[in-house]
Structures are given as C-alpha cells and as structure tokens.
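> Below is the sequence, then the predicted model.
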Amino acid sequence: MTDKSFVRNNFFDGRFLTAEDLAREQDYFREKQKLHNRALHGFGIVYGLDVSQRPGKLVITAGLAIDCQGNEIVVTEPFELTLPQTLVGSSTYLSIRYSEEQSGWVATEGPAKLICALRIEETFIADFGNVNGNQHHRHLKGRWQACGTPHGLAIARLRFTAGHWRLDRRFHRPQVK
C-alpha cells in the first residue's frame, strides 16, 4: 500500500481538463512547498516585520514569515495598526496570519449564471490577542519546529503600564534561520 497524501495529475494528449483538475494541480505544488517550508525551515520571521510604536499606533515594516502550516506570509509594504483599547490583563500579542481573499468577480456563461472569482489573493491579517500562539513550540538546533496547525504568528508583545501600551523589548520573536 502506498501513501496517497500527494497525488498529482497525469497529462496526456486528448485529455479534457476541468477546473477540478487545474485546482488539484495547484494544490499539489502548494502543499509540496508548504511541506518544504515546515520541514526544512520551521516557522517564524524570515526578514523584516519589525514593529515600532508611534502615538496610538504600531508600525510594521515589510517582510516575510512562514507560519506553522508552511504558508508564506508576505507583507509588501509597511502598514500601521491602531493600538487596542485596554484589554483584560496587562499584556497582549500582535500576531499575523496567512489569509486568502477572492477577487475579480464575473458572471459565468450558461443557464446557471453563477458569480465566480477570477483570482485568489494571498494576504495576511494582523490582530491582537491574549495568547501567544508560538508559546509551546519546540526549538531544536537553532530552529523553531512548525506544528502544522493554523494559528497566528506572534511578532510582538505589548505591556499595558502606566496607562499606555509599550512594546516589550524582551519578547523573542521566532526567526527562520
């Protein structure tokens, strides 16, 4: 018996390709890339994604990270985030996570007239939470071990002291070596 976790299309002259066949082709190579990222690189920040603070805002620089599923989180330009209102507890984590959004909506031909997306845009979501999703991950031979499950990648910790949020400079962000 063989492992069927990676199955790819077999092409030949005269074969009619469906949308499902083409999606399977993309999924095969995406899953192989994610496996490569998890197994050889682990997870964490590859470069950039530095966090600095301005009055009432956080600024995150452009950069690249790999999440625990092996997705590449690409931030192409710096962006700002409004600091959260006071949360329960004295600290919060800023995390980013991989996301996909459909775009380029068109009506299909034929009697059904479905509305379908032409593209899937890879993007990210940045948010605040009281849990560090990286906390219980093993660190082995200078590299963080990916767990394979979806969760945010904590890139900063903030502490609420003296009525203000401040970046915790002692927080160790996971880095890809």
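That came through fine.
> contacts, neighbours, all on C-alpha from now
Noted.
> List the contacts of stretch 51-58.
The contact list for stretch 51-58, computed with Cα atoms under 8 Å, 6 or more residues apart in numbering, reads V59, I60, T61, E80, L81, T82, L83, I155, A156, R166, L167.
> Show me which of the residues you listed are buried.
Among those, the ones that count as buried by 16 or more other Cα atoms under 10 Å are V59, I60, T61, L83, I155, A156, R166, L167.
> rewinding a little: among the contacts of stretch 51-58, name the ones in strands.
V59, I60, E80, L81, T82, I155, A156, R166, L167 (DSSP state E).
> Name the nearest of the residues you listed relative to N130.
N130 lies nearest to A156 out of the ones in strands among the contacts of stretch 51-58, by Cα to Cα, at 11.7 Å.
> pLDDT of stretch 61-70, averaged?
Stretch 61-70 shows a mean pLDDT of 96.
> about what we covered before: tell me which of the buried ones among the contacts of stretch 51-58 is nearest to T76?
Checking the buried ones among the contacts of stretch 51-58 against T76 with Cα to Cα, the nearest one is T61 at 8.6 Å.
> check contacts around the closest one.
T61 sits next to G48, L49, D50, V51, V75, E77, P78, F79 when contact means Cα under 8 Å, 6+ apart.
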